[in-house]
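>>> here is the input, now give the coordinates:
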Amino acid sequence: MVMYSATLGDFLRARRDTCQPEDVGLIREAGRRVPGLRRDEVARLAGMSSEYYMRLEQGRVGSPSRQVLDAIARALRLSVLSTDYLYRLAGIGAPRVSTHAPHAREALDRVLRRWRFTPAYIMDCNFDIVAANDLMVAVSQGDIRAGVNAVQLTFSDDRRRTLDDWERTARETVAAFRYRTDERSSRHREVLQSVAADRDFARLWKLHEVNVPLNYEVRATVEGLGELCVDIQNFTLPDFNGHTVTVYTAEEGSFTDSVIRNLALSLGVAA
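Numbers count the residues shown, from 1 in each chain. So this is what the prediction gives:
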């Protein structure tokens with residue numbers, strides 16, 4: 001059973017396991033069996049005692065200082081986002097954004113209507129889709145709509161079947177959800193519980209990777225529409241308490257572009 005409550009020790013162990021000796025200037029000795037770095041190696045690189053670092057991983061250090069966390073981040077070659085997440089787990093990071101949008105649903109819909117020929121949707125920090133324009137609903141055949149959770153959708157049988165590179169999409173979704181979610185909210189716990197039995201989710205969650213929603217190309221075979229290739233682009237809306245707007249675009253003149261434009265026209269969008 002995977003434990004879904006994130007702890008500082010869990011995160012450090014996962015990052016230590018993925019960091020190789022060669023990554024930090026150490027020589028890999030013959031017969032080495034550990035998957036990544038040993039505790040004593042991280043401690044030495046961070047300039048602290050092995051005993052202190054061991055206590056830190058075991059959760060027996062009450063409140064590590066910023067200097068200690070920065071030293072560990074440098075030792076493990078953590079990214080800026082991973083370091084920020086490390087701070088959060090230690091209880092000294094910036095507070096998470098609110099789960100609730102400070103604007104009415106009508107305001108969110110007005111934002112999306114600006115993209116007449118662009119499928120778009122908005123999700124909150126727990127990846128609940130709070131608004132989607134008609135074109136997004138149409139091109140996704142109803143899968144992406146207000147009230148759907150993007151994590152649950154990603155790990156559905158339909159997404160596994162239609163996405164050409166589902167593994168990459170799933171891994172990036174889990175990493176972004178871990179970083180952006182509001183761990184204090186009951187909704188966060190509900191989403192985790194809903195996918196807890198999924199072996200792929202459990203496997204990816206154990207990696208303890210963090211990221212923001214990335215921009216990337218995705219290919220999917222959509223029944224009745226054909227094989228579509230879209231560029232997914234994500235933008236954070238500061239005035240909406242960290243909500244993310246996601247838009248689908250396609251190369252001008254491509255088959256996917258013509259499908260999207262025809263769908264828009266069928267929905268009554270003026271050319």
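
>>> show me where this structure dips below the pLDDT cut-off.
Along the chain, segments meeting pLDDT under 70 span 1-6, 93-105, 238-242, 269-271.

>>> ranges for the strands of it?
Along the chain, counting by DSSP state E, strands occupy 120-123, 129-132, 216-222, 226-237, 243-249.

>>> and the first one, what other elements does it pack with?
Packing contacts for strand 120-123, counted by 3 or more Cβ pairs under 8 Å, 6 or more residues apart in numbering; DSSP states H and E, involve helix 105-113, strand 129-132, helix 134-139, strand 243-249. For every residue, glycine as well, the C-beta is placed using N, CA and C.

>>> for the strands of the chain, give me JSON lines that also has mean neighbour count and distance to V24.
Formatted as JSON lines, those follow (neighbours: other Cβ atoms under 10 Å; distance: least, Cβ to Cβ, whole Å):
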{"stretch": "strand 120-123", "mean neighbour count": "24", "distance to V24": "36"}
{"stretch": "strand 129-132", "mean neighbour count": "22", "distance to V24": "41"}
{"stretch": "strand 216-222", "mean neighbour count": "15", "distance to V24": "29"}
{"stretch": "strand 226-237", "mean neighbour count": "15", "distance to V24": "32"}
{"stretch": "strand 243-249", "mean neighbour count": "21", "distance to V24": "33"}
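
>>> identify whichever of those lies nearest to A14.
strand 216-222 (23.3 Å; Cβ to Cβ).

>>> for the closest one, the distance to its chain's centre please.
Relative to its parent chain, strand 216-222 has a centroid offset of 18 Å by Cα atoms, centre = their mean, to the nearest Å.

>>> dihedrals phi and psi, the closest residue to S63 other than its chain neighbours?
Spatial nearest neighbour of S63, chain neighbours left out: G91 (6.6 Å); criterion: Cβ to Cβ, 6 or more residues apart in numbering. In terms of degrees, to the nearest 10, the main-chain angles of G91 are phi 80, psi 20.

>>> tally up the residues packed near D198, please.
The tally of other residues near D198 (other Cβ atoms under 10 Å) stands at 17.

>>> ok so, going back, the residue nearest to S63: how many residues sit nearby?
Neighbours of G91 using other Cβ under 10 Å come to 10.

>>> same question, E41
Per other Cβ under 10 Å, the neighbour tally for E41 reads 19.

>>> burial check on the closest residue to it other than its chain neighbours, number of neighbours?
The shortest distance from E41 to any non-neighbouring residue, by Cβ to Cβ, 6+ apart, is to L26 (6.4 Å). Neighbourhood size, L26 [other Cβ under 10 Å]: 15.

>>> cool, W115 as well?
For W115, the count of nearby residues is 17 (other Cβ under 10 Å).

>>> try the one 10 residues further on
Using other Cβ under 10 Å, the number of residues around C125 comes to 22.

>>> how far away is it from D182?
Distance from C125 to D182, counting by Cβ to Cβ, to the nearest Å: 5 Å.

>>> can you give me the helices for the stretch 1-150 of the chain?
For the stretch 1-150 of the chain, the helices defined by DSSP state H, counting those that start in this stretch cover 8-18, 39-46, 50-57, 66-75, 80-90, 105-113, 134-139, 150-154.

>>> circling back to that earlier point, my guess is the residue nearest to S63 meets P64, correct?
No. Applying Cβ atoms under 8 Å, one finds G91 not in contact with P64, separated by 9.2 Å.

>>> ok, P213 touching F177?
No. With contacts counted by Cβ under 8 Å, P213 stays clear of F177, the gap being 9.2 Å.

>>> which one of those two has more residues nearby?
F177 (26 against 23).

>>> show me what contacts that one?
Counting by Cβ atoms under 8 Å, 6 or more residues apart in numbering, F177 makes contact with N126, F127, A150, V151, V191.
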